[in-house]
Structure formats: C-alpha cells, structure tokens
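> With the input below, show me the fold.
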Amino acid sequence: ATLHVSSELVRQEALAEFSVSEERVRLVHHAVAPLVGGSAESGRKLAGASRYLLTLGRVEKRKNLPAAVAALHGLPDDVKLVVAGPSGNDEDALRVAIERFPAGRVVRLPTVNNHDRAALVSGAELLLWPSRYEGFALPPLEALSTGTAIVATAVGALPELIGDVVDLVPAGDDDAFAHAVAESLETPAPSELRERVLRHTWADAAAAMTKI
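Below you'll find the predicted structure:
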C-alpha cells in the first residue's frame, strides 16, 4: 500500500511516526479549484464595510483566530474583520478577543454558503491565516487564486508552494503576524501567484494518486 499525503510537512511526520519506507509515502498536493460565487461588492455587503479583513474556517484552537482579531490594533478604524466559519473549541477565546473592540468592529458569520464564501474572499483586503498547524491550508491558496492578498503563517503546504514569493510568518509569533498585517494592508498579491496556485488541479492529483 502507498500512503498519500498533501504536504511535505505531513510526509515527514508520517515517516517519523510510522515504520514505513520513504518510497511508500507519496506527496500529492491538493487542488486549488477556482472559487465560484458572488462579487466583491456582494462580499462588502455581507461584511457591512467597504474595507475588511477575513478569516475562514471552524473556530479551533489550532487556527489561533484571536491573533487575527488582535491584529486590528493600530489599523484604521474603518477596517473591519469578518470571522466566517462554524463554532469550534476556541469560541470562548475568540469572544474575549472580540470584546476588546467596539461593537461592530468584528463581524461574526458562523454560517456561510459557498456563494457567500467566494464573495467574501473576493471583497476582502486581506485573508488572514494565523494558524499554528495545518496539514495543507487551502483557504489562503484559494484567496490567492482570486487575486486577494494574504497574511499567513508558515504551516501546511504553504512554505513549499508559495514560500519563495510570500513572506510567511513563523507559526505562533502573534506580534510578527500583527506587524505583517499592518505592512500588507495596502499591498496587492503578487500577480504570478494566481496562475501558480491554479495549476494544482484535481485531475493532476488523481493521476498522481493512481500512478504506480
């Protein structure tokens, strides 16, 4: 049998954890499918702001979403943060972080369909990804595929896929993350990244997984 993994990080973890030879652990990156949905204007309507930052995904401790909230300190008052995704095991810590800001500065959207998710990504100034651990980390790559810039930690497959172009923040360094958000607010995503991330298709992934 062959063990397929989605990042070099997970490959190294598997080799360290299990008695398996290197040739039996094969790296196959996930695809980055184009987002289909609403417009940037629709995203701004959902956010209730013309300028907003965005996080996506379940509110889990490993996602470190309070660090995304804390990154609002020092940013212009008209910049909001949208936290889109279902509740998880870090909701209490997120709520405490949100309460440090005036009401309405952080918009919590626990239920978002695919259409609205695409709209929110398209309209965001930045997608924030302060995660401490990921196996792959798809949302930052999806954001780059639409031309939305990101601030992300060096987790999952991000270092091997975009680390030569994007300055990724060390995982767990919340001060460096906040600084990177402030520095990146007016900086567009590098133009070559959209084409690069969209090269990863499910057809290619399927072919790699069935290759003998």
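> mind checking the SS state of the residue most central in space within the chain?
In the chain, the residue lying closest to the centroid (C-alpha atoms, centre = their mean) is P140, at 3.4 Å. Assigned by DSSP: H, G, I helix; E, B strand; the rest coil, the conformation of P140 is helix.
> from memory it sits against V155, does it?
No - the pair P140 and V155 does not pass the contact test of C-beta atoms under 8 Å, sitting 9.3 Å apart. All C-beta spots, glycine's among them, are computed from the backbone N, C-alpha and C.
> Find residues that contact each of those two.
W129 (C-beta atoms under 8 Å, 6 or more residues apart in numbering).
> Quick check: pLDDT value at G38.
For G38, the pLDDT comes out at 84.
> Next: the one 4 residues further on.
At S42, the model reports a pLDDT of 96.
> In which helix or strand does the closest residue to it other than its chain neighbours reside?
Spatially, and ignoring its direct neighbours in sequence, S42 is nearest to A119 (4.0 Å; C-beta to C-beta, 6 or more residues apart in numbering). Assigned by DSSP states H and E, A119 belongs to helix 114-123.
> Equivalent analysis for L54, please.
Using DSSP H and E, L54 falls in strand 51-56.
> Could you check the angle that strand makes with helix 114-123?
Counting by axes from the mean of the first three to the mean of the last three C-alpha atoms, to 10 degrees, strand 51-56 lies at 130 degrees to helix 114-123.
> low pLDDT regions in the protein?
212 (pLDDT under 70).
> Which of the three states applies to V197?
Applying three-state DSSP: V197 is helix.
> Could you check the helix or strand encompassing A97 and say which residues are buried?
A97 is located in helix 91-98, with elements delineated by DSSP H and E. Neighbour counts over helix 91-98 (16 or more other C-beta atoms under 10 Å) mark E91, L94, A97, I98 as buried.
> who's in contact with it?
With C-beta under 8 Å, 6+ apart as the criterion, helix 91-98 contacts V59, K61, L65, P66, V69, A70, V83, V106, R108.
> what's the next helix or strand after that helix packed up against?
Remark: after helix 91-98, the chain's next helix or strand is strand 106-109, criterion DSSP H and E. Secondary-structure packing of strand 106-109 (3 or more C-beta pairs under 8 Å, 6 or more residues apart in numbering; DSSP states H and E): strand 79-84.
> With respect to F177, which of the buried residues of helix 91-98 is nearest?
A97 (13.3 Å; C-beta to C-beta).
> Distance-wise, check the closest one relative to G135.
Distance, A97 to G135, using C-beta to C-beta, to the nearest Å: 25 Å.
> again, but for E60
Distance from E60 to G135, by C-beta to C-beta: 13 Å.
> Which of those two has more residues huddled nearby?
For E60 versus G135, the count of surrounding residues by other C-beta atoms under 10 Å is larger for E60: 18 against 15.
> leaving aside the residues next to it on the chain, what's closest to the more buried one?
G88 (4.3 Å).
> hang on, G74 in a strand?
No - G74 sits outside any strand when classified using three-state DSSP, being coil.
> L185 is in contact with that one, correct?
No - look at G74 against L185 with C-beta under 8 Å: they stay out of range, at 10.2 Å.
> Who has more neighbours out of these two?
Taking other C-beta under 10 Å, G74 and L185 do not tie; L185 has more neighbours (17 against 9).
> which one is that one nearest to, not counting chain neighbours?
Counting by C-beta to C-beta, 6+ apart, the residue nearest L185 is E125, at 6.2 Å.
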